[in-house]
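Asks: any chance you could fold what I've pasted below:
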Amino acid sequence: MSAVLASVPAASAADPFAAIRDLVKRELAPKVLDVDMKAEYPESFLRALGRAGGFAGAVTPEYGGNGRRLTYTIGVMEEVAKTCLSTGFLVWCQTAAARYIQMSDNEAAKRGLLPRLATGELLAGTGLSNTMKSCDEIEESRLTAKRVPGGYAVNGVLPWVSNLGPDHIFVTGCPVEGEKGLAFVVVDCAAPDFKLVECAHFVALDGTRTLACHFKDTFIPEARVLAHPDASAAYLRRIKPGMILAQMGMGLGLVDACADMMRQSNRTHAHVNAFLDDQADDIANALSAARDATYDLAATLDADPLADIVLDILKLRLAGGELSLRAANAALLHMGAKGYLMRSPAQRRLREAYFIAIVTPATKHLRKEIARLEAPAVH
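Replies: A predicted model of the protein is given here:
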């Protein structure tokens, strides 16, 4: 990960993720089955990860972060996802929310929230799935806002938002009555006229505290508004590429773990695994290429959040989802019947890989946007 190491201060450049790996081994690895099979939310690990600096890359030093930006954030996510994709996804939720606030012009929100997000004292979700899909004409917006004295009143229901709890926050965006554009806001889960509701159980990532969010004239004060409608297009352009690219950390970690499982299986079954289509070296080589591309694009965005690389990011993210499915399928075939056991990581990785392919932006969403951007201009 040369791009990551190049972006890290020299004092820690030898191994910027040593403390993260140690924490994962000590506190997360023993809990993976509980997270997966008992839907246990790994809150204590998340807070410990924050104290260890795992979220600090999304925040600049003036607000309590380390300023190492996307390259470091993706690296942390990759290290966590090697062991547990559910928790890797929660790292994405936390750092994405912090980055949304960091890239806003709201100084009050930055000073009030970012130091606590950087350390894990405050945990956060990202409620922009419906926002992104409505902007790309995939589904209707499920929320509406109207101007009221001192801020906005929001109504509607978001069915699935992750990394939530009564003392958490999250970021969302929605249309405003009578105005063009969106309002992007920070929602306090403890706010009056707002309610978290349990939703259906999932086959994977059920430990991510994914809840439905009910708004009924929920008041959002100006101090928690990240962008008003007249500035929303420019704001979305700043946050969207990094939000999508950062998800590669989940895929890289999962694929790495799958390649490792294949190597483990080959210690005893290489003579028969040799007849499978994908070998460990095939997956490892594809992973290396995806990793290099990810950190190159991250370094470009770190230097310029408005860099003209959106199409490259969409194509890489699509390839990352496809590689995740390929690697998880190969790992399960290598493991054979052992991989089909309930406690086997192989079957868990296959279920997790499908999540990478369907989380916003999903495979079909990515292909739709790529087709739109590559379509010939109509004059």
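
Asks: would you map the strands across the chain?
Replies: Remark: strands assigned in the chain by DSSP state E are 124-127, 143-148, 151-161, 169-175, 182-188, 194-198, 211-221, 225-227.

Asks: for Phe275, which of those strands is the nearest?
Replies: Closest of those to Phe275 is strand 151-161, at 40.7 Å (criterion: C-beta to C-beta). For glycine as for every other residue, the C-beta is placed from the backbone atoms N, C-alpha and C.

Asks: what does the average pLDDT come to for that closest one?
Replies: The predicted model assigns strand 151-161 a mean pLDDT of 97.

Asks: that strand packs against which elements?
Replies: strand 124-127, helix 129-135, strand 143-148, strand 169-175, strand 182-188, strand 211-221 (3 or more C-beta pairs under 8 Å, 6 or more residues apart in numbering; DSSP states H and E).

Asks: how about 7 Å then?
Replies: Helices and strands touching strand 151-161, by 3 or more C-beta pairs under 7 Å, 6 or more residues apart in numbering; DSSP states H and E, are strand 124-127, strand 143-148, strand 169-175, strand 211-221.

Asks: what's the neighbour count on the spatially closest residue to Ala204 that is not a sequence neighbour?
Replies: Excluding its sequence neighbours, the residue lying closest to Ala204 (C-beta to C-beta, 6 or more residues apart in numbering) is Arg351, at 3.7 Å. Burial of Arg351 is recorded as 15 neighbouring residues (other C-beta atoms under 10 Å).

Asks: shaky segments in the stretch 1-150 of the chain?
Replies: Low-confidence segments of the stretch 1-150 of the chain (pLDDT under 70): 1-13.

Asks: pretty sure the residue nearest to Ala204 contacts Asp206?
Replies: No. Using C-beta atoms under 7 Å, Arg351 is not in contact with Asp206, being 10.1 Å away.

Asks: right, so of the strands of the chain, which gets closest to Leu366?
Replies: Nearest of those (C-beta to C-beta): strand 124-127, 17.5 Å.

Asks: contacts for that closest one next, please.
Replies: Outside strand 124-127, the residues that touch it by C-beta atoms under 7 Å, 6 or more residues apart in numbering are 93-94, 96-98, 117, 158, 161-164, 168-172, 213.

Asks: now swap in stretch 159-173 and tell me
Replies: Contacts of stretch 159-173 (C-beta under 7 Å, 6+ apart): 89-90, 93-94, 97, 100, 122-128, 131, 143, 158, 182-190, 196, 199, 208-213, 226.

Asks: same question for stretch 184-194.
Replies: By C-beta under 7 Å, 6+ apart, stretch 184-194 touches 101, 109, 113, 152, 164-173, 196, 214-218, 220, 224-227, 232, 235.

Asks: in it, what's buried?
Replies: Phe184, Val185, Val186, Val187, Asp188, Cys189, Ala191, Phe194 (16 or more other C-beta atoms under 10 Å).

Asks: now render those residues as JSON lines, adding distance to Thr360 and pLDDT.
Replies: Formatted as JSON lines, the buried residues of stretch 184-194 follow (distance: C-beta to C-beta, whole Å; pLDDT from 0 to 100):
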{"residue": "Phe184", "distance to Thr360": "16", "pLDDT": "98"}
{"residue": "Val185", "distance to Thr360": "18", "pLDDT": "98"}
{"residue": "Val186", "distance to Thr360": "19", "pLDDT": "98"}
{"residue": "Val187", "distance to Thr360": "18", "pLDDT": "98"}
{"residue": "Asp188", "distance to Thr360": "23", "pLDDT": "98"}
{"residue": "Cys189", "distance to Thr360": "20", "pLDDT": "98"}
{"residue": "Ala191", "distance to Thr360": "24", "pLDDT": "96"}
{"residue": "Phe194", "distance to Thr360": "22", "pLDDT": "98"}
